[in-house]
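Novice: generate a structure from the sequence data that follows.
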Amino acid sequence: MRDYGAAPTERADARDVRITGVETAVIEGNFDWNLVRIHTDAGVTGLGEAYRGGRVTDIVDYMTEFLVDENPLDVERLFRRLIQETSGHGGTTGKVVTAASGVEIALWDLAGKLLDIPTYQLLGGKYRDEVRLYCDCHAGEAYAVDTGYTEYGDEESYQPAAYAETAEQAVEMGFDAIKFDLDTPGDNDPDPFNGRLSAADVAEKRDIVAAVHEAVGDDAEVAFDCHWDYSLDTAKRLARELEPYDLLWLEDVVPPENVDAQREVARSTSTPLATGENRFRVHEFSDLLYDFAVDVVTPDPTTCGGLAESQAVANRAEENYITFAPHNVCSPVGTMACVHLGAAVANFGYLEYHALEVDWWDDLLVRSTPLIRDGRIAVPETPGLGIELDEDVAAAHAKGDGLWTDRTA
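Specialist: Below you'll find the model as predicted:
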């Protein structure tokens, strides 16, 4: 077994830094956002985010013993050590990799601050000064962008006109790429288990797509997400039915376990297909990319292994001329980590923005101007991720008692 333990080399005094502690926080936004903060004996801290959901911070707790007294500049070695030390706990996939992703992102922030350069520079340099977003909209199932979040809507809110109205509102906000969920509660009728849609069901989804297409015209590119709901035959029929609308992509049309099924859909249609958010580490993307089962690959950096691992996925995608468009349902912390990644990846296309219903999303960082302008985020030139958490706003939305939990003790 390889040993990714103690640092193998000496280094100059200015870079002889040690990790002294790790803290975590859970912020209640539209999801539970898992934040990680790493302290050093240089008085510098790094901030990261792991994918949403429960118990991730408990896994970070377990990982802390493998981080304290280590040099935070050894970002990739430390990530590998965390994976090795947790290999008996499912450390090659799942929430263990998710927890390590949050740590890895915090380490990149730390490294940039310690070396006084932006994180994108550590990832290899900058291809673009701003990162283009696509706005994840929820017409029927959640909210209209000007009214805030509500529970699942009634039947009327799933009508094509509701999607078209929300699309127009998103474009008015400055977004020129948008996405809607195409799966609806009606997909469960009459059978919620077999993943099949009737011809009438497919026609209803075509009408939704047509309404959005007509509403935005050439002002925005439009994608639709199916959340792995459909059988192979339904996925093929749906993708072919939507070919006239020149979609940005159709996402997650079949369950994710079987790459051969995903490839079969890809072979059957000219509609571009996207998937990848629930895969872990670069190895789980190989067949997807080298078998050309996808047109746009969508890993989540806060899930699949952090920034370097996501960059490895992007590099393999680039070998096959496949666009890289990270999934992102994060707070501004994880989002800004993805912005640095998007700056450093040649084949980057779009970054997801998924927080229209969180009216305080922008306030979580100390800023004097909005983070998003005209559907883009500027790439910071300040050290690390170039962000500062607003502790008061974070504390106001923290889950549980207090904001930070010390994972070192």
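
Novice: alpha carbons only for contacts and neighbour counts from here, please
Specialist: Fine.

Novice: taking the centroid of the chain, which residue is nearest it?
Specialist: The structure's the chain has its C-alpha centroid closest to residue 328; by CA atoms, centre = their mean the separation is 2.3 Å.

Novice: was I right about that residue contacting residue 354?
Specialist: Yes: if you go by CA atoms under 8 Å, residue 328 and residue 354 touch, sitting 6.9 Å apart.

Novice: hang on, the earlier thing: helix or strand for the residue nearest to the centre of the chain, which one?
Specialist: Per DSSP states H and E, residue 328 falls between elements, in no helix or strand.

Novice: residues near the closest residue to it other than its chain neighbours, how many?
Specialist: Using CA to CA, 6 or more residues apart in numbering and skipping residues adjacent in sequence, the residue nearest residue 328 is residue 352, 5.1 Å away. Neighbour count for residue 352, taken as other CA atoms under 10 Å: 23.

Novice: what's the helix or strand for residue 352?
Specialist: Counting by DSSP H and E, residue 352 is found in strand 351-353.

Novice: and what of residue 192?
Specialist: Using DSSP H and E, no helix or strand contains residue 192.

Novice: can you give me the helices in the stretch 151-300 of the chain?
Specialist: Secondary structure of the stretch 151-300 of the chain (DSSP state H, counting those that start in this stretch): helices located at 160-172, 199-216, 232-241, 259-268, 286-290.

Novice: and the longest one, what does it pack against?
Specialist: In other words, helix 199-216. Judged by 3 or more CA pairs under 8 Å, 6 or more residues apart in numbering; DSSP states H and E, helix 199-216 is in contact with helix 160-172, helix 232-241.

Novice: ok, residue 92 touching residue 283?
Specialist: No: the criterion here is CA under 8 Å, and residue 92 misses it with residue 283 at 9.6 Å.

Novice: who's more crowded, these two?
Specialist: residue 92 (19 against 13).

Novice: excluding its backbone neighbours, what's nearest that one?
Specialist: Nearest to residue 92 is residue 83, by CA to CA, 6+ apart, at 6.5 Å.

Novice: distance of that neighbour relative to residue 63?
Specialist: 9 Å (CA to CA, to the nearest Å).

Novice: what do you get for residue 78?
Specialist: Following CA to CA, the distance that separates residue 78 from residue 63 is 10 Å.

Novice: shaky segments in the chain?
Specialist: Flagging of the chain using pLDDT under 70 yields the residue ranges 1-10, 140-157, 409.

Novice: quick check: end-to-end length of stretch 114-124?
Specialist: By CA to CA, the extent of stretch 114-124 from end to end equals 17 Å.

Novice: neighbouring contacts of that stretch?
Specialist: 15, 44, 108-109, 111-112, 126, 308, 340-341, 343-344, 380-386 (CA atoms under 8 Å, 6 or more residues apart in numbering).

Novice: and residue 48, that's in a strand?
Specialist: Yes: using DSSP: H, G, I helix; E, B strand; the rest coil, the assignment for residue 48 is a strand.

Novice: that one contacts residue 332, doesn't it?
Specialist: No: at 10.3 Å, residue 48 does not count as touching residue 332 under the criterion of CA under 8 Å.
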